[in-house]
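A.B. asks: Sequence first, predicted model second:
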Amino acid sequence: MSEFQLFRKKPVIIRAARWLTNGDHPEDYAEDASPYYRREKEGAVVRFYRHHVPGERLCQHCRVQMHSHGWIDTKEGGHIVCPGDWIITGVAGERYPCKPDIFDATYELVPESAA
């Protein structure tokens, strides 16, 4: 039986933007975004949450109505994005949501002079 070992996350600088509502990610309406995204006002990074939700169901994570949520495609197949989640762009350009409490415990702001 193996034993636990302790590891520290390598210091890697990531880009992140807080998501509050559809269309507010900095890269949602980039010039190279598909005309569909620009025409429909749907974000190119965080899209509309399209899964059928009965009534005014509340999210199990944030207790906000599901119609206020977004959806982001990830390597794992995709995730719901709650209002207030951070959208992280990882070292390989991948994007994924991160809950605010996890983000605050894991990341600290890098001064512009260090970036």
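C.D. replies: It's in.

A.B. asks: Endpoints of stretch 6-26, how far apart?
C.D. replies: Taking Cα to Cα, to the nearest Å, stretch 6-26 runs 36 Å from one end to the other.

A.B. asks: Now do it: distance to the chain's middle.
C.D. replies: Centroid displacement of stretch 6-26 relative to its chain, using Cα atoms, centre = their mean, to the nearest Å, is 7 Å.

A.B. asks: swap in stretch 5-25?
C.D. replies: Counting by Cα atoms, centre = their mean, stretch 5-25 comes out at 8 Å from the chain centroid.

A.B. asks: For Pro100, list the residues it contacts.
C.D. replies: Counting by Cβ atoms under 8 Å, 6 or more residues apart in numbering, Pro100 touches 18, 84-86. Every residue, glycine included, has its C-beta placed from N, CA and C.

A.B. asks: Correct me if wrong: Phe103 contacts Ala17.
C.D. replies: No: here Phe103 lies out of contact with Ala17, judged by Cβ atoms under 8 Å, at a distance of 11.2 Å.

A.B. asks: who touches both of those two?
C.D. replies: Contacts common to Phe103 and Ala17, judged by Cβ under 8 Å, 6+ apart, are Trp86.

A.B. asks: Which residues does stretch 106-115 contact?
C.D. replies: Residues contacting stretch 106-115 (Cβ under 8 Å, 6+ apart): 9, 13-14, 16, 98.

A.B. asks: Inside helices: which ones of the residues you listed?
C.D. replies: When the contacts of stretch 106-115 are checked against helices (DSSP state H), there are no matches.
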